[in-house]
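*Asks:* no sequence on this one, just coordinates:
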């Protein structure tokens, strides 16, 4: 916007100067017009002092007095709260709609692709099954081999060679496990009475 | 439980309002804490009576918080609550104006002479010795100068230069055309400069 050079600043131009947004011509005018320069300096000082005015503080207990007169909404269930958040703004609604559409779209595309490529999927399934079976069988074999090769294996096998001994050993293991669980539960339970130095 | 884990200062006003609408009392308190000082300050500077300002500020918060469902999140919460507080202050000033005739001059008077002609002069401002001491300080001088402005100018200058609100937001808060807001602020600055001229001498 052009301005007549020797004309004093308009209110809008003065506002722009105060917000440090003066145009080149306004700045040029200020260098030559002592009246406008004085006005700008006085307004700058005034605005500065106004912005420094301290906030007044209400008396103690103001918040509680307000809260005593306010009807707080009944708490919502998690589902209702989620629904409300989704529908609270156009943006959140748009985001939720995009996610749902994306999910439905990708599921639909996945189903369509699967139907169109059944043979490939079956072949892939068989290959996966064969591979998994091979891996499981190899693992079992190596575990069994390494177990048999342990020095203590023959001794343990000698102890557990009859059904009665095996049942006895299993019983002992179960009892030991139950005992351990009870002990652990007792150790991690919170005390039901006050204890000394609990604040530490 | 979720309230305890929430880092309230990091939430935007809109997010706090959503929590309040969900029934979180802590969210209501957070809104009061965020705005009690600016709202009370604005009203106090409008009505110049501490007790009355507190009543009007309380009325503002109760009205706003009880009507959170009618708040539209696409607008700034600050604009909404300032609008309610401004209406409370202006309603009070209008009621008082009806009781006492116009003390400030007609709001439609365009020139200083017209304002002078339509205003009633007050002899005794009811100043206490404490008020006089306070007035001797710059802040006090400015507060007193602001108090002498017409309410329309006062609310505009407070929102613009004390609260730092944008012209557009002030127009929204006060339901005034943007041009009128700019004019009021410009005139308010002129009057304040005149009232405070003795400080420069």
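*Replies:* Structure's in. What do you need? Quick caveat: nothing in here was measured; it's all calculated off a predicted structure.
*Asks:* return the helix or strand in chain B with minimum mean pLDDT.
*Replies:* When the helices and strands of chain B are compared on mean pLDDT, DSSP states H and E, helix B:112-118 comes out lowest with a mean of 49.
*Asks:* for whichever residue of chain A sits closest to chain B, which non-adjacent residue is spatially closest?
*Replies:* The minimum distance from chain A to chain B, using Cβ to the nearest Cβ, falls at residue A:75 (3.4 Å). (Glycine included, C-beta is placed from N, CA and C.) Using Cβ to Cβ, 6 or more residues apart in numbering or on different chains and skipping residues adjacent in sequence, the residue nearest residue A:75 is residue B:23, 3.4 Å away.
*Asks:* contacting residues for the one you found?
*Replies:* A:72, A:73, A:74, A:75, A:76 (Cβ atoms under 8 Å, 6 or more residues apart in numbering or on different chains).
*Asks:* any chance of JSON lines for those, columns pLDDT and secondary structure?
*Replies:* JSON lines is the format used below for the contacts of residue B:23 (pLDDT from 0 to 100; DSSP: H, G, I helix; E, B strand; the rest coil):
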{"residue": "A:72", "pLDDT": "83", "secondary structure": "coil"}
{"residue": "A:73", "pLDDT": "76", "secondary structure": "coil"}
{"residue": "A:74", "pLDDT": "75", "secondary structure": "coil"}
{"residue": "A:75", "pLDDT": "71", "secondary structure": "coil"}
{"residue": "A:76", "pLDDT": "66", "secondary structure": "coil"}
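*Asks:* need phi/psi at residue B:48.
*Replies:* Per-residue torsions, residue B:48: phi 60, psi 30 (degrees, to the nearest 10).
*Asks:* and the helices in chain A?
*Replies:* In chain A, the helices defined using DSSP state H lie at A:11-18, A:24-32, A:34-51, A:62-69, A:78-88, A:90-116, A:118-148, A:153-159, A:163-188.
*Asks:* please read the previous query as pertaining to chain B.
*Replies:* Using DSSP H, the helices of chain B run over residues B:2-5, B:13-21, B:25-47, B:50-66, B:77-100, B:112-118, B:129-136, B:138-148, B:151-157, B:167-174, B:178-195, B:197-200.
*Asks:* same for the least confident helix or strand in chain A by mean pLDDT, what does it pack against?
*Replies:* Lowest on mean pLDDT, DSSP H and E among the helices and strands of chain A sits helix A:78-88, with a mean of 73. Under the contact criterion of 3 or more Cβ pairs under 8 Å, 6 or more residues apart in numbering or on different chains; DSSP states H and E, helix A:78-88 touches helix A:90-116, helix B:13-21.
*Asks:* which stretches of chain A have low pLDDT?
*Replies:* Where chain A drops to pLDDT under 70, the residues are A:1-6, A:76, A:191-200.
*Asks:* and it, which residues reach chain B?
*Replies:* With Cβ under 8 Å from any Cβ of the partner chain as the criterion, chain A comes near chain B at residues A:11-12, A:14-15, A:42-43, A:46-47, A:49-59, A:62-63, A:65-67, A:69-76, A:81, A:84-85, A:88-90.
*Asks:* if we can go back for a sec, what's the most buried one of the helices of chain B?
*Replies:* Highest mean neighbour count among these (mean count of other Cβ atoms under 10 Å in any protein chain shown): helix B:151-157, with a mean of 24.
*Asks:* check which helices and strands that helix sits against.
*Replies:* For helix B:151-157, the elements it packs on are helix B:25-47, helix B:77-100, helix B:138-148, helix B:167-174, helix B:178-195, judged by 3+ Cβ pairs under 8 Å, 6+ apart.
*Asks:* could you list the low-pLDDT ranges of chain B?
*Replies:* Short version for chain B, where the test is pLDDT under 70: B:1-4, B:97-136, B:200-201.
*Asks:* tell me the contacts of the most centrally placed residue in it?
*Replies:* By Cα atoms, centre = their mean, chain B has its centre lying nearest to residue B:42, at 3.2 Å. The contact partners of residue B:42, taken as Cβ under 8 Å, 6+ apart, are B:82, B:85, B:86, B:89, B:155, B:158, B:159, B:162, B:163.
*Asks:* ok and the residue in chain B nearest chain A?
*Replies:* For chain B, Cβ to the nearest Cβ, closest residue to chain A: residue B:23, 3.4 Å.
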